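K.L.:
I would like the atomic coordinates for the input below:
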Amino acid sequence: MKQKISLVLATLLMFVYITPISAEEITPMLESEAVILIEESTGKVLYEKNSDQIMYPASTSKVLTALIALENGDPDDIIVVGNEVNAVPLDASKAGHVSGDKLTLRQLLTALMLPSGNDSAYVVASYVVKKTTGNTNIDAVAANNQFAIMMNERAAKIGVKNVNFANPSGYHDDNHYITASGLALITREAMKNPIFLEIVGQSEYTMKYEGKPERTVVWKNRNLLLNKGNISTYYQYATGVKTGNTDEAGECLVATATKDNLKLIAILLKTPVDKRWGESKALFEYGFKNYSLNQFLAVNELVDMIPVDKHSPKGPAGLEVIAKDNYIDLIKRDDIARVERNIVWNETLLEAPVEAGKNVGKAIYSLDGTVLKEVDLVAKNAIEKRTIIEFIFSVSSIPYWIGTIGIVAVIGIIIYIINKRKKRRGFRIKF
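P.N.:
As a prediction, this is how the structure comes out:
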C-alpha cells in the first residue's frame, strides 16, 4: 500500500515541474540555476536555462576525470593505492581506500563515480600522470596539478569554453568552474566510451579487497535515478551519470536517459535541496514527449533512377542515384509531417560516360522554408558511352538512318526527274 501511495506521489511531483505553454506542448518549470537538455547523437539543445553561466560543478567534474583515465589507461591495470589518500581533505566524500589496496582501474573508476570517492580521484590522477609522464616519484599534489592541466586541455579539445579545472575531484576551489553547456559536451563525449557507460549505469558495486586489510565494501551509486528501491527518485529510463554537492555549488546532477532510440543528457547545477530528481525527470519527460530521432536518408539508399543519354547498349540505360551520407535528425514530433525534400540535379540530362560515385545532385531537406540538411547524391553504377558502331546499329539511330535514307531518296528522285526532262532536250545531269 505504501509503495502505491509513493508511486502516486512521485507521479504528481513530476507534474509540479511542468507548465503548459500551448495546447500542444509543455515546457519544464525548474528552480535549478543553470540547466541544459541535449540529445546525445546530434548534440541538439532541447531546453536550456542559463546554460552558459559560469557555475561550480562539484563532483560532476569526475565525469572528465574518468574519461581521461579511460583514454590514457588500461581498465584492467592493477593499481596499488599509495599515500595519495592521505592528502584528501577530511570533509571530502570518500570510497574508503587504504594505502596498499590493490584494484583495477575499472574498479577504481567505479569507486570514483558511484560513491564519489575523492580519494579515488587522487589515486586516478596519480596513476594517469605517472603513466603518461613516466615520473613514478611524483607526489599527490603535483600529480593533481598536472592532471588538472590535462583536464583543461581535454575540455578545450572537446570544445568547452569558460572552463577551468583546478583538481580531479571537484572539491571546491574558487578557480574551478564550468558551464552547464560545457558539462553537457563533456558528458556527451564520455558516453561514447562503453566502459564509462557500463560503470555509471550501475546502482551499486560490491568490492572485495584481497590484500591487507582484507574486506568487502559495497559502493552505492549516489545517483538515485538508478535506485529501484526508492520509488520517489527512481526513473526507469535513466542510464547514469554523476551527482555533485558542495555548499558553494549546491546540489548538481549530470543525468542521462534512453527511451526507444532517443538518448538524452540533462545537466542541472545549483538545484534546491532534494529537487534534482524531480526536475531531471521532468526534463527527460519533456524531451521524450516532444522530440523524436528520425532517419530521413540512409547512406547508399536508392533515391532515384534517371535516364542517361548516349549510353552503351551493353550496360544499363538508367543511372541508380544513391545518398552519399546518412541524414538523421532530431525533430519535434509535431513538425515531422512538414519536413520536405527537394531534389536538385546538377545537369538537366546526363550524358555518358558517368563514373560510379560521380556527384549528380543533392537532396535538400527543409522545414517551413528553413534548410535542415543537404545530402549529396551520387551515381551508384558507372555508365559507359556508346561507340560509333554501337550507335550505327542501335535502336536509337533508326530515326537518323530513316531520315538520311529519306533525304537521299528525295534527292535521287529530284535528279531523276531533272535528267528525264533534260534527256528530252538532248542532255542530262551527270553525277
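K.L.:
Can you mark which positions in stretch 287-305 are buried?
P.N.:
For stretch 287-305, the neighbour count (16 or more other CB atoms under 10 Å) marks 287-288, 290-293, 296-297, 303 as buried. C-beta here means a position set from N, CA and C on the backbone, and glycine is covered the same way.
K.L.:
Would you mind splitting the chain into its domains for me?
P.N.:
Following the assignment in automatic domain parsing, the chain carries domains at 2-288, 298-379, 394-425.
K.L.:
Would you reformat these as a markdown table and include mean pLDDT?
P.N.:
Formatted as a markdown table, those follow (pLDDT from 0 to 100):
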| stretch | mean pLDDT |
| --- | --- |
| domain 2-288 | 93 |
| domain 298-379 | 88 |
| domain 394-425 | 65 |
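K.L.:
Check the ones you listed for me and report the most buried one.
P.N.:
With neighbours defined as mean count of other CB atoms under 10 Å, the domains of the chain peak in mean count at domain 2-288, which reaches a mean of 19.
K.L.:
where along the stretch 301-431 of the chain do the strands fall?
P.N.:
For the stretch 301-431 of the chain, the strands defined by DSSP state E, counting those that start in this stretch cover 302-309, 318-323, 327-332, 339-345, 350-351, 359-367, 370-379.
K.L.:
on that earlier part again, redo the buried residues of stretch 287-305 as CSV? Include secondary structure and distance to residue 173.
P.N.:
CSV is the format used below for those (DSSP: H, G, I helix; E, B strand; the rest coil; distance: CB to CB, whole Å):
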residue, secondary structure, distance to residue 173
287, helix, 33
288, helix, 36
290, helix, 38
291, strand, 37
292, strand, 41
293, strand, 38
296, strand, 46
297, strand, 48
303, strand, 55
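K.L.:
Quickly name whichever of those residues is closest to residue 203.
P.N.:
Distances from residue 203 to the buried residues of stretch 287-305, taken as CB to CB, are shortest for residue 288 (21.5 Å).
K.L.:
And for that closest one, nearest residue in space, chain neighbours not counted?
P.N.:
Excluding its sequence neighbours, the residue lying closest to residue 288 (CB to CB, 6 or more residues apart in numbering) is residue 259, at 4.9 Å.
K.L.:
same check, this time on residue 44
P.N.:
Residue 44 sits nearest to residue 330 (CB to CB, 6+ apart), 4.7 Å away.
K.L.:
Equivalent analysis for residue 189, please.
P.N.:
Nearest non-adjacent residue to residue 189 (CB to CB, 6+ apart): residue 158, at 5.2 Å.
K.L.:
Check residue 165 too.
P.N.:
residue 151 (3.9 Å).
K.L.:
which residues touch the helix or strand that that neighbour is a member of?
P.N.:
Following DSSP states H and E, one finds residue 151 within helix 140-158. Helix 140-158 is contacted from outside by 61, 64-65, 67-68, 71, 82-84, 86-87, 122, 124-126, 128-130, 132-133, 138, 163-168, 178, 182, 185-186, 189, using CB atoms under 8 Å, 6 or more residues apart in numbering.
K.L.:
just checking, next helix/strand downstream of it?
P.N.:
As assigned by DSSP H and E, the chain's next helix or strand after helix 140-158 is helix 180-190.
K.L.:
so what does that following helix touch, helix or strand wise?
P.N.:
The contact analysis (3 or more CB pairs under 8 Å, 6 or more residues apart in numbering; DSSP states H and E) places helix 180-190 against strand 34-39, strand 45-49, helix 62-72, helix 140-158, strand 250-259, strand 262-271.
K.L.:
Which of these sits closest to residue 118?
P.N.:
helix 62-72 (8.8 Å).
K.L.:
Distance from that closest one to the middle of the chain?
P.N.:
19 Å (CA atoms, centre = their mean, to the nearest Å).
K.L.:
Show me what it is packed against.
P.N.:
In terms of contacts (3+ CB pairs under 8 Å, 6+ apart), helix 62-72 is packed against helix 105-113, helix 118-133, helix 140-158, helix 180-190, helix 194-200, strand 238-246.
K.L.:
so how far is the fifth one off the chain centroid?
P.N.:
Averaging C-alpha positions (CA atoms, centre = their mean) puts helix 194-200 16 Å from its chain's average.
K.L.:
I'd guessed residue 234 sits against residue 221; true?
P.N.:
No: between residue 234 and residue 221 there is no contact under CB atoms under 8 Å: 11.6 Å.
K.L.:
Please enumerate the shared neighbours of the two.
P.N.:
Contacts common to residue 234 and residue 221, judged by CB under 8 Å, 6+ apart, are residue 227.
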